[in-house]
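> Fold the following.
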Amino acid sequence: MQRVMFALLVALAIPLALLTSPALNAPAGAATKPRPKPAAQVRRHVVSLIALDEIHALVADAHSRGVGVVGLRAEWQRVAVCEVAGDWSMVGPNYSGIGFQNGTWNEYGGTRYAPLAGRASEDAQIVVGMRVTRGWVPDQYGCDPGGW
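Coordinates of the predicted model:
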């Protein structure tokens with residue numbers, strides 16, 4: 001029970017820590033670096049929160065399949081090799097990443113991570129792929145060159 005409470009506390013504290021920063025002023029006359037513009041700070045925090053969301057989803061997907069994150073990544077690597085010769089960053093007019101049709105990427109929330117699958121991280125593609133397939137990893141021996 002203590003481990004669960006600690007994990008819950010950490011899961012709640014990390015996003016809060018990412019959203020706050022100490023406000024320290026430099027002493028008068030001290031050389032300081034220019035502070036980033038507020039919009040840049042907001043973008044960095046949003047990227048950090050999306051990455052945290054991606055990691056949480058990946059761990060949950062791995063757990064639901066009864067494998068570790070490394071095992072889940074290995075299964076999807078075989079899909080990538082089969083579908084697009086392992087080129088996770090492939091971007092095309094009809095499909096991207098590991099063979100997502102661009103419409104499928106959009107429909108299953110992939111644009112939260114990147115406009116096209118090939119511009120998203122491998123982990124983000126796995127998370128969206130798990131949504132598309134409802135928790136299973138496609139058969140790596142039955143590739144679909146038309147995407148999925």
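
> Now do the buried residues in stretch 109-124.
110, 113-114, 116-118, 120-124 (16 or more other CB atoms under 10 Å). (Each C-beta comes from the backbone N, C-alpha and C, glycine too.)

> At which residues are the helices of this structure located?
Secondary structure of the chain (DSSP state H): helices at 2-19, 38-65, 69-84, 102-107, 122-132.

> where among the ones you listed is the average confidence lowest?
Set side by side, the helices of the chain give their lowest mean pLDDT on helix 2-19, at a mean of 58.

> Mind picking the two most distant members of the buried residues of stretch 109-124?
Leu116 and Asp123 (15.8 Å; CB to CB).

> ok, now which ones touch Met130?
57, 61 (CB atoms under 8 Å, 6 or more residues apart in numbering).

> With Val67 instead?
Neighbouring residues of Val67 by CB under 8 Å, 6+ apart: Glu75.

> what's the spacing between it and Leu58?
11 Å (CB to CB, to the nearest Å).

> go on, Trp76?
With CB to CB as the criterion, Trp76 and Leu58 are 10 Å apart.

> Quickly list what's touching both of these two.
Common neighbours of Trp76 and Leu58 (criterion: CB under 8 Å, 6+ apart): Ile126.

> Now do the same contact list for Gly71.
Applying CB under 8 Å, 6+ apart, we find Gly71 in contact with Ala62.

> go on, Val59?
Contacts of Val59 by CB under 8 Å, 6+ apart are Val69.

> Nearest to Glu83 among the buried residues of stretch 109-124?
Ala117 (10.9 Å).

> Was I right to think that closest one contacts Gly97?
Yes: Ala117 is in contact with Gly97 according to CB atoms under 8 Å; the separation is 2.8 Å.

> so Thr104 makes contact with Val132?
Yes: with contact defined as CB under 8 Å, Thr104 reaches Val132; the gap is 6.1 Å.

> Distance check, the residue lying closest to Gly135 once chain neighbours are set aside against Ala57.
Once flanking residues are discounted, Gly135 sits nearest to Ser64: 5.7 Å by CB to CB, 6 or more residues apart in numbering. According to CB to CB, Ser64 and Ala57 sit 10 Å apart.

> neighbour-wise, which of the two wins?
Neighbours per residue (other CB atoms under 10 Å) separate Ser64 from Ala57, with Ala57 holding more: 17 against 12.
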